[in-house]
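[1] sequence plus predicted model, see below.
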Amino acid sequence: MELLGLLLLAFILICALAVCLTRNLMVSIIILMSQSLAMSVVWILLESPDLAITEAAVGAGVTSLLFFVTLKKIHAIEGENKDGKAEK
Amino acid sequence: MAKLKSNYETSAWARFLRWMKGGGSGLDRSMIRSLGEEALPSQRSESEHLAIERAREEREKQDLERERLIQERLHAWSRSRGSRLVNALYRLSAIVVCIAIIYVLLSSVSELPPFGRAENPVNNEVSARYIEDGLAETGSVNIVGGMILDYRAFDTLGESHVLFVAACAVVLLLRINLDKDGRPTREKLDAEADDRKYEPHNDVILQKISNLIVPCLLLFGIYVVLNGHLSAGGGFSGGAIMGAALILYVNAHGLTKAGQHRLFSYRVYKALTFCALAFYALAKSYSFFMGANHLDSHIPLGTPGRILSAGLILPLNIAVGIVVAWTMYSFYTLFRKGDF
């Protein structure tokens, strides 16, 4: 358990650094999502499952979706054509 | 409005803007456009129309010229020695601030007591009372639920209002209103046309999977809300799960299909959130008033462990869950097309 906690904390640290350092906004949102998921596992290890549920739903789910929608609105997601149509 | 505008034109900020633009009129482009549209009567003759068009073109040309001038100034400034100095100072101060913040945070963390020790200052008589008497006083098996919705219910009321205020701010910023006479404005039509790009294109895999998952997620959310006083979770967690499930449904089936449900309209949202928050405030004021004056509040606590127990905690959980779920959904739709 100790080892798992340490691994998760290291993962969270690496994710937090990677979010700042990646240039692609889409990639950094996905990294933020995975950081939230690791955080929710940490909450379970700290014996607060209610926080884990909220973290998974809000941190990993809704927040990243809002980020995605906003980025798509301002055409900031790379891999899009100039006329705004997404590439399949 | 007219008075406001004249005040604006004489203000220091407007003069500063005029100076920035190199001695222009001091009105920015959107204001000029709105002025032009105000002056437009609905019935206009051909020649007037042409003249207005020409004036608008002239204005836009002027704007472009002004922008070019600003760009040139910026370019000249960025090549000067002053700008390099400012850049160096900026980087230096950024590094210094970073190091200072890291030092403060690390030093305060090192002062904290070690995690989970029995003689930590957190383990005082308050938490002891919550743990020992919580079940008898609130009737809630879930101590956390009893704490946040009974002992500290005003705290949770404030939290729900923070969420409500955030939703109000999003509505103020992003919602596109109808015309005064109830017709959709051009802005709104543009937003709807733009939104068609976001509608899913009959993605069969996504739709089938969401058909499987969404009911389970919704049920789980309802379970978490209703079981808030018995197991981990509560209004906020369950509401967040339900909101996420609704957003998944919208992503798979499109806003047009979800918008057909009456439950997800702006009016229902307003009514539901208001009712939930008002119920919360009234119920909690009542129980605080009675409890503070040592009166019998006539709210039965029930047998701990039953679904209908723990007094006010279950209805309060439902109220919070409704607010959170609808707010999550409305955030998503407002971000996407400015209305729902």
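    Now that the structure is in, tell me what you want to look at.

[2] any idea how far residue B:142 lies from chain A?
    To chain A, residue B:142 is 8 Å away according to Cβ to the nearest Cβ, to the nearest Å. C-beta coordinates here come from the backbone N, C-alpha and C atoms, glycine included.

[3] residue B:20 now?
    25 Å.

[4] let me see the contact set for that residue.
    Residues in contact with residue B:20 (Cβ atoms under 8 Å, 6 or more residues apart in numbering or on different chains) are residue B:70.

[5] try residue A:43
    Contacts of residue A:43 (Cβ under 8 Å, 6+ apart): A:49, A:51-52, A:55.

[6] for it, what are phi and psi?
    Per-residue torsions, residue A:43: phi -60, psi -40 (degrees, to the nearest 10).

[7] do you know how far the closest residue to it other than its chain neighbours is from residue B:146?
    Nearest non-adjacent residue to residue A:43, counting by Cβ to Cβ, 6 or more residues apart in numbering or on different chains: residue A:52, 3.9 Å away. Residue A:52 sits at a distance of 19 Å from residue B:146 (criterion: Cβ to Cβ, to the nearest Å).

[8] so which of these two has more stuff around it?
    The neighbour count for residue A:52 versus residue B:146, taken as other Cβ atoms under 10 Å in any protein chain shown, is higher for residue B:146 (25 against 22).

[9] element containing the more buried one?
    helix B:143-146 (DSSP states H and E).

[10] ends of stretch B:118-127, how far apart?
    End-to-end span of stretch B:118-127 (Cα to Cα, to the nearest Å): 12 Å.

[11] for the helix or strand hosting residue B:282, packing partners?
    Counting by DSSP H and E, the element that carries residue B:282 is helix B:266-292. Applying 3 or more Cβ pairs under 8 Å, 6 or more residues apart in numbering or on different chains; DSSP states H and E, one finds that helix B:266-292 contacts helix B:153-174, helix B:313-337.

[12] neighbours of residue B:230, just the number please.
    Around residue B:230 there are 19 residues (other Cβ under 10 Å).

[13] in three-state terms, label it for me.
    What DSSP: H, G, I helix; E, B strand; the rest coil gives for residue B:230 is coil.

[14] give me the nearest residue to it, chain neighbours excluded.
    According to Cβ to Cβ, 6+ apart, the nearest residue to residue B:230 is residue B:141 (5.1 Å).

[15] show the pLDDT at residue 55.
    Picked chain A for this. At residue A:55, the pLDDT value in this model is 89.

[16] oops, I was thinking of chain B
    Reported pLDDT for residue B:55: 86.
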